[in-house]
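Student: next come a sequence and a model predicted from it.
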Amino acid sequence: MRAFLRRGDFTVILRAMRPKEFMNVAVRHILTKKGDVVFLSEEEQIQRFYGRLTFITNRMQRFNIRFSLLDYFYLMETARAGGYVSMAERIWNTIAGDTHLPYRRGPDTYITNSYMAARAGTGRTDRLVRTSSRTVELRRQSDRDPLQQTRLIIDNMKRKGIPPNSMTWELMILAAARMGELPVIEAVLQKVWHVNCSELILADVKGEEVPVVLERESESEKKLDRGHPLYPSEITLFNIAVALGTIGQVPLAFRLVDYMSRRFEITVPRPAWIALLNWTYTWLHTRSYPGRKFLAPNAVENVWNTLLSEPYNIEPTIEMYDLVIRSYLHRGMPDAAEYNMDRALSLIVPIVEKRNAAEAELAALEAQHPEVHKRTSEVQRVISKKSQRLAKAMRDLEIARAIARRWVEILVIGNDMQQMPYFAWKRVPDIIDKWSYFLGDEVVYFTSTGYVDLSLGEDKRWVPIMLRKRRAKKPIGSGSKEEDDLF
């Protein structure tokens, strides 16, 4: 192997194994010989990735091929993506003791940020654990205080002359949110981007608009070039939405994202809108949340209308529709919910078409090469790719059907709907007839005098996937705990 692969070849192979691409949702779908879809969890996929990575790094060490600083960065990104804190520690200590790096350079800003993210965590689009006094205390007792770890790393950067960039302070904001430290978040926003949260809150109360650039600001505060390391990005807005959403500061998160997008001329990314919608819905329906009284009952609807209108004009996804539709359903507004369900249906049709097209392409290719043992490696590779594409399309359709099924469940058996007079008699039969494609082969719903058990037939038979984690044998809408597993 040494005769054929040089140092540059190993480096190319190592850097080609990008954790982000390997952890992509599409890559984690496997289509079995029976036609079933197997979806690998993040833990299973990162173990596969880690096994391949270990093989390459062991070969490099065996042939005395030294790692460059960029190689170390890719290894650190792998540790961050997989949540391997111990691996990140080993890489960090190895870099510090590697005397063969050019000019004895230690970790740079990017490696340090990656190490910090591995230690303290990053922003995510799925729903994180809500920050409360209990979660904060548990983090302190477990000796994994993310804010303290982040502060130590930033202090080390200052001592070694490593300049922080925007991502450095975003990680500090996320770590502060996990410890419920809103003052720390406000201080970072003021120090780095000269954004005064108190002024934004006061202007929100008065119904006023805060100028993009204040007259009292100095020239250095007014001017932050787009190429500056501290200049915020779309990821900055997303991280702010996640951080403030985690601690229940949804109105402030919305105001900050809007203000910073205008001040720094940044487009608000779709993940930021998903985070704002997700956390607005979460806190609005969390009865134990003290700040719930500051959220209007139509708070989710307000965020929804904002992202659809000028100047944002965001094209919503079915997951985004899911949040606003369930908000309408929980508020006892079936007409508004059904209107948006009809609009969301237009997003499901292309998913069905994509699934059918992927199945037809794979079947046509396999028909061209019916004998498996005669297929070339190139044909096998193409079939594998198309098989993976079909598996992803099948799961996308399953998710879409399961989301629509949940809407119908809440409409049919949800507590809020059952409290409406004659709803079960007048509306439910039409709803079942219209949305029967998304239900299973049997539907049971209750009326004021009993219950109705409908058999939709074999053509409607379908075993839906579970999208929520809740107490066993508790129907949806009964007040039992629900937690999305969509994003």
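Tutor: Arrived safely.

Student: for the stretch 351-487 of the chain, which segments count as helices?
Tutor: Taking DSSP state H, counting those that start in this stretch, the helices of the stretch 351-487 of the chain run over residues 377-413, 415-418, 423-426, 428-434.

Student: show me what the longest one is packed up against.
Tutor: If I follow you right, that is helix 377-413. With contacts taken as 3 or more Cβ pairs under 8 Å, 6 or more residues apart in numbering; DSSP states H and E, helix 377-413 sits against strand 29-31, strand 37-39, helix 318-330, helix 334-368, helix 415-418, helix 428-434, strand 442-446. For every residue, glycine as well, the C-beta is placed using N, CA and C.

Student: can I get the ones you listed in a markdown table with mean neighbour count?
Tutor: Listed next are these as a markdown table, based on neighbours: other Cβ atoms under 10 Å:
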| stretch | mean neighbour count |
| --- | --- |
| strand 29-31 | 19 |
| strand 37-39 | 15 |
| helix 318-330 | 23 |
| helix 334-368 | 15 |
| helix 415-418 | 18 |
| helix 428-434 | 15 |
| strand 442-446 | 15 |
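
Student: let me know which of the ones you listed is the nearest to residue 49.
Tutor: strand 29-31 (14.6 Å; Cβ to Cβ).

Student: low-confidence ranges in the stretch 1-150 of the chain?
Tutor: Under the criterion pLDDT under 70, the flagged ranges of the stretch 1-150 of the chain are 1-5, 7, 18-27, 29, 31-37, 42, 98-106, 123-137, 139, 141-143.

Student: rerun at 80
Tutor: 1-53, 56-57, 59-70, 78-79, 81-84, 95-107, 120-144 (pLDDT under 80).

Student: and the helices in it?
Tutor: Using DSSP H, counting those that start in this stretch, helices in the stretch 1-150 of the chain cover 7-16, 19-22, 42-62, 69-82, 85-97, 109-120, 133-141, 146-160.

Student: among these, which comes closest to residue 361?
Tutor: helix 19-22 (22.4 Å).

Student: can I get the CA coordinates of stretch 161-176 in PDB?
Tutor: Provided in PDB are the C-alpha atoms of stretch 161-176 (Å, rounded to 0.1, in the frame of the first residue of the first chain):
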ATOM      1  CA  GLY A 161      -3.200  35.400  20.600                       C
ATOM      2  CA  ILE A 162      -5.800  33.400  18.700                       C
ATOM      3  CA  PRO A 163      -8.300  35.900  17.400                       C
ATOM      4  CA  PRO A 164     -12.000  34.900  18.000                       C
ATOM      5  CA  ASN A 165     -14.500  35.200  15.100                       C
ATOM      6  CA  SER A 166     -18.300  35.300  14.900                       C
ATOM      7  CA  MET A 167     -18.700  31.600  15.500                       C
ATOM      8  CA  THR A 168     -16.600  31.800  18.700                       C
ATOM      9  CA  TRP A 169     -19.100  34.200  20.300                       C
ATOM     10  CA  GLU A 170     -22.100  32.300  18.900                       C
ATOM     11  CA  LEU A 171     -20.900  29.200  20.800                       C
ATOM     12  CA  MET A 172     -20.600  31.400  23.900                       C
ATOM     13  CA  ILE A 173     -24.200  32.500  23.400                       C
ATOM     14  CA  LEU A 174     -25.400  28.900  23.000                       C
ATOM     15  CA  ALA A 175     -23.400  27.800  26.100                       C
ATOM     16  CA  ALA A 176     -24.900  30.700  28.100                       C
END
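
Student: that stretch: how far from the chain's middle?
Tutor: Taking Cα atoms, centre = their mean, to the nearest Å, one finds stretch 161-176 lying 20 Å from the centre of the chain it belongs to.

Student: identify the residues contacting it?
Tutor: The contact list for stretch 161-176 (Cβ atoms under 8 Å, 6 or more residues apart in numbering) reads 106-109, 112-113, 116-117, 120-123, 146-147, 149-151, 154, 156-157, 182, 184-185, 188-189, 192, 229-233, 235-236, 239-240, 242-243.

Student: let's see it at 6 Å
Tutor: Outside stretch 161-176, the residues that touch it by Cβ atoms under 6 Å, 6 or more residues apart in numbering are 109, 112-113, 116-117, 120, 123, 146-147, 150, 157, 184-185, 188, 192, 229-230, 232, 236, 239, 243.

Student: before we move on, what SS does the residue nearest to residue 256 when sequence neighbours are not counted have?
Tutor: With Cβ to Cβ, 6 or more residues apart in numbering as the criterion, residue 256 has its nearest non-adjacent residue at 5.5 Å, and that residue is residue 240. Per DSSP: H, G, I helix; E, B strand; the rest coil, the secondary structure class of residue 240 is helix.

Student: residue 240 and residue 166, how far apart?
Tutor: Counting by Cβ to Cβ, to the nearest Å, the separation of residue 240 from residue 166 is 11 Å.

Student: neighbour count for those two, which is higher?
Tutor: residue 240 (27 against 19; other Cβ atoms under 10 Å).

Student: any idea how far that one is from residue 308?
Tutor: To residue 308, residue 240 is 21 Å away according to Cβ to Cβ.

Student: ok, residue 189 next?
Tutor: In terms of Cβ to Cβ, residue 189 sits 27 Å off from residue 308.

Student: ok, now residue 146?
Tutor: The separation that residue 146 has from residue 308, given Cβ to Cβ, amounts to 35 Å.

Student: perfect, I'm done here.
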